[in-house]
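Asker: next input, structure requested:
(one chain, ligands or ions: 2)
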Amino acid sequence: MSLPIQAIQAAGDRHPKPAHLRFQYGTAGFRTLGNTLDSVMFKVGIIAALRSKKLDGKTIGVMVTASHNPEPDNGVKLVDPRGEMLEASWEGYATTLANTSTTEEFVEALAEFVRSAKIDLSKPARVVYGRDTRPSGPALVAALEDGLHAIGAEARDAGVTTTPILHYLVRATNTKGTKDAYGEDTSEGYYDKISAAFKKLVAGKAGIPPLVVDCANGVGAYAVEEFSKLISDKLQLVPVNADLTTPGALNNACGADFVKTMQRLPPSLSPVLKTGQRACSLDGDADRLMYYYLDDRDQFRMLDGDKIAALVAAFIVELVKNAGLEDEISVGIVQTAYANGGSTKYLSQRLPVKCVSTGVKHLHHAAEHYDVGVYFEANGHGTVLFSAETNKILAEHQPSTPAQSTALNHIVNLTQLINQTVGDALSDLLLVEVVLAHKSYSGVEWDSLYVDLPNRLVKVVVADRHIFKTEDAERRLVSPAGLQEKINELVRRYEAGRAFVRPSGTEDVVRVYAEAMVKSQADELAFRVAGLVYDETGGDPAQRPAEFL
Ligand code: 16G
Ligand code: MG
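Answerer: Ligands and ions are numbered 1, 2, ... in the order given. Got it, this is the predicted structure:
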């Protein structure tokens, strides 16, 4: 069987590539201004279908979103059969194909790709796709559908949905009717599975205080609404920033990324949040979660991905012990260089901790090596993975006391509550609420597990960020030569100083992270290192940002 060249050619001509643009499948797929992505979407439809054929007709996911980016941006990423990120080698193929400049070139490159990747075209192609609430979404989905149709894929539209639900659907579809069945392959199946597990875990826990949820004016608002219908007798979710109609509102001065970067309350929450009350923010596609509260002096206190990891890991360790399984099941943590030094110190005194490069796929893969792998980025993206062997142990374990039996049940329910395909703000939110209810913690007790070191993140616009190369999980620069030594020299002057520099995978900038014992020192260190980066790349001294000291 060969490619339906004519159909692809005819449809492709309706989706010309903008001549001057170059696209790259980066950390989070293709992501740029929504109105430039038409040709990319068409091609992604075809690539997704080929990926499915390559994997014997397994269902592949396509998510149209730009997450926490501002509204004019959009993007697309592919989801592999178990709900994980697209295999790395295909990122390069996708980039090459997306940059072919004419339909003829595209068709030729496709034919060559099918040959070299040994794709059996007689296999079926199955794809499920969804999008967030961005106004550019419908047109981009139409272009995607053109691609899927041209190659004759069996396609299912999951509509407007969160990224984690799309990942869930992919895994549920591919495991349906097998011993690894993940759940009903519908959104309802997702809501039912997670809320049922939540209700079991909080059975008997009365009086959980209401939780304010900042939905970033994005698709998470729908998910909050759906969960509310199912769990409101146990936990009342109070949505704010659930405005899906005002242009420009998405992620604007709200959402998880705003909270993490600005380290303050979204202004829209000031009138809503009471002293001591906990609240959280989702991002634009609901795969990141940040918690926070106002302390007794009404100071903003942030409970980020690192704090979530510490809370959740400690709880699971305790349950494993109470179930009598501590010799059989061990818990490990995966972080990135952005993890606060306070959290790394706290966690590594208790558990194995691994540091990997930024990006969900790196964390996810590292977490798969543990019996129970807890991974979180400081920015609030993360989940918990239970290995196949762990699930088997849980299924076969014979508890010898009622207390062991209760703990075992709790762990089994956690495996159902947690979306193990990818970080999921809603599933993580319910997980946090379960732990807080079990421990009778308010934000204050949770916050006091360890003390965050003051830190600062700065971005530097440089001529070419690709000259920045790192090693040791992005904690050390190897290029430009000599720069790391200069950074080390600076860092030594600060108490508890730590800093690193890495090129962004999603924006044309270099990021600088610094922490130190006091806030003013963390700020100073970050700006000094940023100054070094700026000078190193031959930035015009007259344009040097004043705050770079
Ligand atoms: C993407 C990544 C996220 C990472 C961020 C870093 C996925 C799905 N998302 O949003 O994990 O923290 O990029 O961005 O992998 P940066 O490279 O621009 O700093
Ligand atoms: Mg996101």
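
Asker: is ligand 1 within reach of stretch 333-349?
Answerer: No - Stretch 333-349 stays clear of ligand 1 (Cβ under 6 Å from any ligand atom), getting no nearer than 7.3 Å. Placement of C-beta: from N, CA and C, glycine included.

Asker: would you indicate which residues of that stretch are buried?
Answerer: For stretch 333-349, the neighbour count (16 or more other Cβ atoms under 10 Å) marks 333-344, 346-347 as buried.

Asker: give me the average confidence score over it.
Answerer: Averaging pLDDT along stretch 333-349 gives 98.

Asker: surely Arg156 forms part of a strand?
Answerer: Yes - looking at Arg156 with DSSP: H, G, I helix; E, B strand; the rest coil, it is inside a strand.

Asker: near ligand 1, which residues of the stretch 301-450 of the chain are found?
Answerer: 358-360, 377, 379, 381.

Asker: residues contacting the residue in the stretch 101-250 of the chain positioned nearest to ligand 2?
Answerer: Shortest the stretch 101-250 of the chain-to-ligand 2 distance, computed as Cβ to the ion: residue-wise this is Thr163, at 6.0 Å. Thr163 is in contact with 63, 65, 67, 132, 285-287, 422, counting by Cβ atoms under 8 Å, 6 or more residues apart in numbering.

Asker: got it, and Asn488?
Answerer: Shown in contact with Asn488 (Cβ under 8 Å, 6+ apart): no residues.

Asker: output the one helix or strand it maps to as CSV, nothing but the C-alphas.
Answerer: In this assignment (DSSP states H and E), Asn488 forms part of helix 483-491. Only the C-alpha atoms of helix 483-491 are listed here, as CSV (Å, rounded to 0.1, in the frame of the first residue of the first chain):
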residue,chain,number,x,y,z
LEU,A,483,31.3,31.1,31.6
GLN,A,484,30.5,28.5,34.2
GLU,A,485,33.8,29.3,36.1
LYS,A,486,32.7,33.0,36.2
ILE,A,487,29.3,32.0,37.6
ASN,A,488,30.9,29.8,40.2
GLU,A,489,33.1,32.6,41.2
LEU,A,490,30.0,34.8,41.8
VAL,A,491,28.0,32.1,43.5
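
Asker: beta partners of Leu237?
Answerer: Residues in a beta bridge with Leu237, per DSSP bridges, are Leu211.

Asker: I'd like the distance between the residue of the stretch 101-250 of the chain closest to ligand 2 and ligand 1.
Answerer: Distance, Thr163 to ligand 1, by Cβ to the nearest ligand atom, to the nearest Å: 8 Å.

Asker: just give the number of residues close to the closest residue to that residue other than its chain neighbours.
Answerer: Excluding its sequence neighbours, the residue lying closest to Thr163 (Cβ to Cβ, 6 or more residues apart in numbering) is Asp285, at 4.2 Å. Neighbour count of Asp285, defined by other Cβ atoms under 10 Å: 32.

Asker: okay, Asp285: pLDDT?
Answerer: On the pLDDT scale, Asp285 gets 98.

Asker: list phi and psi for it.
Answerer: phi -120, psi 10 (degrees, to the nearest 10).

Asker: gap between Pro72 and ligand 1?
Answerer: Separation of Pro72 from ligand 1 (Cβ to the nearest ligand atom) stands at 17 Å.

Asker: mind listing what the residue of the chain found nearest ligand 2 touches?
Answerer: Closest residue of the chain to ligand 2, Cβ to the ion: Ser67 (3.2 Å). Contact analysis of Ser67 by Cβ under 8 Å, 6+ apart lists 28, 31, 75, 132, 163, 283-285, 287-288.

Asker: who are the contact partners of the most centrally placed residue in the chain?
Answerer: By Cα atoms, centre = their mean, the chain has its centre lying nearest to His381, at 4.3 Å. With contact set as Cβ under 8 Å, 6+ apart, His381 has these partners: 287-288, 305, 360, 423.

Asker: cool, Val434 as well?
Answerer: Each residue near Val434 by Cβ under 8 Å, 6+ apart is listed here: 198, 201-202, 414, 417.
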